[in-house]
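Student: next comes the sequence, and after it the predicted model I'd like to discuss.
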Amino acid sequence: MSRHRYVRNMNLQEEMDDDALSDGGDDMTPEQQEQMEKALDHVRQIIGDEATSGLSDNVIRDVLWDEYFDVEKTLDWCFEEQRRKKAADERKAAREAQKLAQRKLAEAASTATSCAGSPMPKKTTPKRSDASTPVTRQNVADPQQLDMSALNLTEKTATEVVEEPPKMTFAKEVLLEEAKKSLSQSKNVSLVVIGHVDAGKSTLMGRLLYELGRLDEKTRTANERGSSKIGKSSFSWAWNLDGTLEERERGITMDIATRSLSTPKRNITVLDAPGHKDFVPNMISGASQADCALLVVDASMGEFEAGFERGGQTREHLILVRSLGVSQVIVAINKLDQVNWDRIRYDDIVSQLKPFLLQSGFQASNTNFVPIGAMLGVNLVNREDEEASLLNAWYHGPTLVDLLDTLVPPTRNLMAPLRIPISNVFKGQSAGTAVTGRVCGGVVQVGERLRVLPGDETAIVKSIEVEEQDVPWVAAGSNATLYLTSIDPVHLNVGTVLCPPDNVVPLASSFKARIIVFDIVIPITAGASIELFHHSRDVSAAVSKLLATRDRANGKILKISPRMLSKGMSADVEITIRSLSQNAPPRAIPLETFAVNKDMGRVLLRRNGETVAAGVSPTYNV
Ligand SMILES: Nc1nc2c(ncn2[C@@H]2O[C@H](COP(=O)(O)OP(=O)(O)OP(=O)(O)O)[C@@H](O)[C@H]2O)c(=O)[nH]1
């Protein structure tokens, strides 16, 4: 079996049919065979058997071979393949449903045509490519392109089809009307799950998904088996969210996991954030895509205190989400089973958190508390089980789901120009390159051409998915996956912003920001180096000038050109993004002023792994 067979791009079924997978096993040395079986066993522990995972031993062996027995990379491939298969199945089902609907329409129309004479729209047949012509966007669009077909640089089959980019369905005004109507009845909110490391965020989400019927029994038992095999059985609920081998082996979340769930009154996109301080940048990426937050705190003795003291992530996460515009928060006080469902402990934690939430800028009316036991599933959807009896003795308030139902979808910025900062890229998918991100303004539909910034490229939206469903358009406030074509994936990166070609987002290499300084020990002086965070992007920058300090209450200037900024100050500063090297041109990020688009005008400043300030950009390119 040869290495580098471009497993990601091949048709697995065909490969299996033509025996290609079994030909090379004999080439392996006994050591390699042993390594292969060990690695296969490891992968199986995580993803389950063929019936559970949908992936055969032969396929996994082939990927392991190509990845030099790297279990982690093989698992990444398996998860991507499972996701791709699921998406393909859903698309197929949607296409079939559409065909059926079209057939019904055609039947109805053929009856109607004989009366009204209105023809059905003609179905366009996809063009077949000339077998000798490499099929690329440039070939199709540019007749002057050199014909290099004789070199046979690209293998083509006679059946390959030049796929035409989809056409736009809606006129702009119709689309806006459609979006307005739909948003006025929208039940959609996005929720970032935050809190100190090990508070139980992923366990809570795994269990909640199960209670709400979004996690099937087969996956649950596979997770239970897999986690106990590696001695981490207490993390089995978290495995539903923590998908990578490293996350599962270390028992911590490292990157944002996105899931969707429905409560009786809300459709919620959940962004499960990592709690460990090393992964705060990933948490920031999740928080910048959220409307509301669910803070999970550990009620166990000493654990709440560890998370809440200076340097703990309970405080930092709360301040960060508020700085990023989140105003509604539910606080789930978890692991109450560890303190015997003690009411005094619960009340004590609530009384410590309340003033801090107010200080951080959350209004009391937008803040709710709920006692829970995530692992046992107590007070998530109900509290009828035996395990809840001690809690029932003193708590008669809402469950977590009752509180989720009260989250208010914020007003969406439909009239603003379209802005989609990319938070993740899945390159080389058969359906085009997939990018995920939150729509921070405007509306976009399938078939639309978008500009990709920074850079000069454009791409066409081939399809859109929201909560794993194909949709024809998506509007501000939604977290969506866009499949893009007519672009080389190298131009799509985390932090890139998609926007309309005739209304592009400004690029800023130096800009003026109004900041609030956090609880820092070392003051900020002019020239201080920082990491600048904007959505999912972070770049090195400097606070190049301290322009003025302001009164926090009324915004009046207190001092021009202060010498330094310390804890709690509000100030105007100039921020300059650093070049990659001394002679390199200045770098720029897509940034909008806060007045134009709130979501696109917020920045965070970090230094040595600590968040030092949050701000908004009143002007750019100063
Ligand atoms: N006793 C008890 N343990 C819990 C409960 N919820 C979570 N745990 C345990 O707490 C540990 C951490 O749980 P996770 O869900 O991984 O915590 P997390 O907040 O997602 O962790 P990070 O994302 O890495 O910060 C695991 O061992 C869980 O089994 C609970 O309600 N009761």
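Tutor: Looks like it arrived, so ask away.

Student: residues in this protein within reach of the ligand, list them.
Tutor: Applying CB under 6 Å from any ligand atom, we find that the chain lies next to the ligand at 195, 197-203, 234-235, 238, 251-253, 274-276, 334-335, 337-338, 373-375. For every residue, glycine as well, the C-beta is placed using N, CA and C.

Student: try it again at 5 Å.
Tutor: 197-203, 234, 238, 252-253, 274-275, 335, 373-375 (CB under 5 Å from any ligand atom).

Student: are any of those residues buried, and which?
Tutor: Neighbour counting by 16 or more other CB atoms under 10 Å classes 197-203, 238, 252-253, 274-275, 335, 373-375 among the residues of the chain next to the ligand as buried.

Student: could you work out the most separated pair of the residues you listed?
Tutor: Among those, the pair separated by the greatest distance (CB to CB) is Pro274 and Gly373, at 22.3 Å.

Student: what's the domain layout of the chain?
Tutor: 33-80, 187-405, 420-499, 507-616 (the TED database).

Student: worst mean pLDDT among those?
Tutor: Lowest mean pLDDT of the domains of the chain: domain 33-80, a mean of 84.

Student: chain center to that domain, what's the gap?
Tutor: 26 Å (CA atoms, centre = their mean, to the nearest Å).

Student: repeat for stretch 240-258
Tutor: For stretch 240-258, the distance to the chain centre is 14 Å (CA atoms, centre = their mean).

Student: pull up the gap between the closest residue to the ligand within the stretch 451-600 of the chain and Gly243, please.
Tutor: The nearest approach of the stretch 451-600 of the chain to the ligand comes at Ser536, 18.1 Å away (CB to the nearest ligand atom). As for Ser536, its distance to Gly243 is 18 Å (criterion: CB to CB, to the nearest Å).

Student: more neighbours: which of the two?
Tutor: Neighbour count, other CB atoms under 10 Å: between Ser536 and Gly243, Ser536 has more, with 24 against 19.

Student: which residues touch that one?
Tutor: 284-285, 288, 421-424, 437, 494-495 (CB atoms under 8 Å, 6 or more residues apart in numbering).

Student: same question, Met564
Tutor: Met564 neighbours (CB under 8 Å, 6+ apart): 523-525, 546.

Student: now it. Its backbone dihedrals?
Tutor: phi -160, psi 170 (degrees, to the nearest 10).

Student: now the residue in the chain that the ligand sits nearest to: closest residue in space, sequence neighbours ignored.
Tutor: The ligand sits closest to Gly275 of the chain, with a gap of 2.4 Å, by CB to the nearest ligand atom. Spatial nearest neighbour of Gly275, excluding adjacent residues (CB to CB, 6 or more residues apart in numbering): Val197 at 3.8 Å.

Student: the one you found touches Gln313, doesn't it?
Tutor: Yes: with contacts counted by CB atoms under 8 Å, Val197 reaches Gln313, the gap being 6.5 Å.

Student: what sits in contact with each of the two?
Tutor: With CB under 8 Å, 6+ apart, Val197 and Gln313 have common neighbours 275-277, 307.

Student: by neighbour count, which of the residues you listed wins?
Tutor: Gly275 (27 neighbours).

Student: doesn't that residue fall inside a helix?
Tutor: No: when classified by DSSP: H, G, I helix; E, B strand; the rest coil, Gly275 is found to be coil rather than part of a helix.

Student: now the residue nearest to Ser236 when sequence neighbours are not counted: how far from Arg259?
Tutor: Using CB to CB, 6+ apart and skipping residues adjacent in sequence, the residue nearest Ser236 is Ser227, 4.2 Å away. Per CB to CB, Ser227 is found 18 Å from Arg259.

Student: before we move on, back to that, got a markdown table for the domains of the chain, with distance to Leu176 too?
Tutor: Shown next, in a markdown table, are these (distance: least, CB to CB, whole Å):
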| stretch | distance to Leu176 |
| --- | --- |
| domain 33-80 | 35 |
| domain 187-405 | 18 |
| domain 420-499 | 6 |
| domain 507-616 | 17 |
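
Student: of all those, which one is nearest Leu175?
Tutor: Closest among the domains of the chain, once you apply CB to CB, is domain 420-499, at 5.6 Å.

Student: run the chain-centre distance for that closest one.
Tutor: For domain 420-499, the distance to the chain centre is 13 Å (CA atoms, centre = their mean).

Student: related to what we said a few turns ago, now flag whichever of the buried ones among the residues of the chain next to the ligand is closest to Asn58.
Tutor: Using CB to CB, those come closest to Asn58 at Ala238, 30.7 Å.

Student: please give me every residue in contact with that closest one.
Tutor: By CB under 8 Å, 6+ apart, the neighbours of Ala238 are 202-203, 206, 251, 253.

Student: find the nearest non-adjacent residue to it, please.
Tutor: Ser202 (3.5 Å).

Student: the one you found contacts Asp272, correct?
Tutor: Yes: using CB under 8 Å, Ser202 is in contact with Asp272, at 5.6 Å.

Student: quickly list what's touching both of the two.
Tutor: If you check Ser202 and Asp272 against CB under 8 Å, 6+ apart, the residues they both contact are 241, 253, 257.

Student: now name the helix or strand holding the closest residue in space to Arg606 that isn't next to it in sequence.
Tutor: Leaving aside its chain neighbours, Arg606 sits nearest to Glu531 (4.5 Å; criterion: CB to CB, 6+ apart). Assigned by DSSP states H and E, Glu531 belongs to strand 528-534.

Student: quickly run through the sheet partners of that strand, with directions.
Tutor: strand 537-550 (antiparallel), strand 602-607 (antiparallel) (DSSP bridges).

Student: and the one helix or strand the residue nearest to Ala238 maps to, what does it pack against?
Tutor: Counting by DSSP H and E, the element that carries Ser202 is helix 201-211. Under the contact criterion of 3 or more CB pairs under 8 Å, 6 or more residues apart in numbering; DSSP states H and E, helix 201-211 touches strand 188-194, strand 257-262, strand 267-272.

Student: which of the residues in the last one are buried?
Tutor: To tie it back to what came earlier, the one meant is strand 267-272. For strand 267-272, by 16+ other CB under 10 Å, it's 267-272.

Student: contacts for that strand, please.
Tutor: 187-193, 201-202, 205, 241, 253, 256-262, 286-287, 289-290, 404, 407, 467, 479.

Student: got the CA coordinates for it in CSV?
Tutor: What follows is strand 267-272, C-alpha atoms only, in CSV (Å, rounded to 0.1, in the frame of the first residue of the first chain):
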residue,chain,number,x,y,z
ASN,A,267,-33.4,27.1,19.3
ILE,A,268,-30.0,27.4,20.8
THR,A,269,-26.5,27.3,19.2
VAL,A,270,-24.3,26.2,22.0
LEU,A,271,-20.6,27.1,22.0
ASP,A,272,-18.7,25.1,24.6
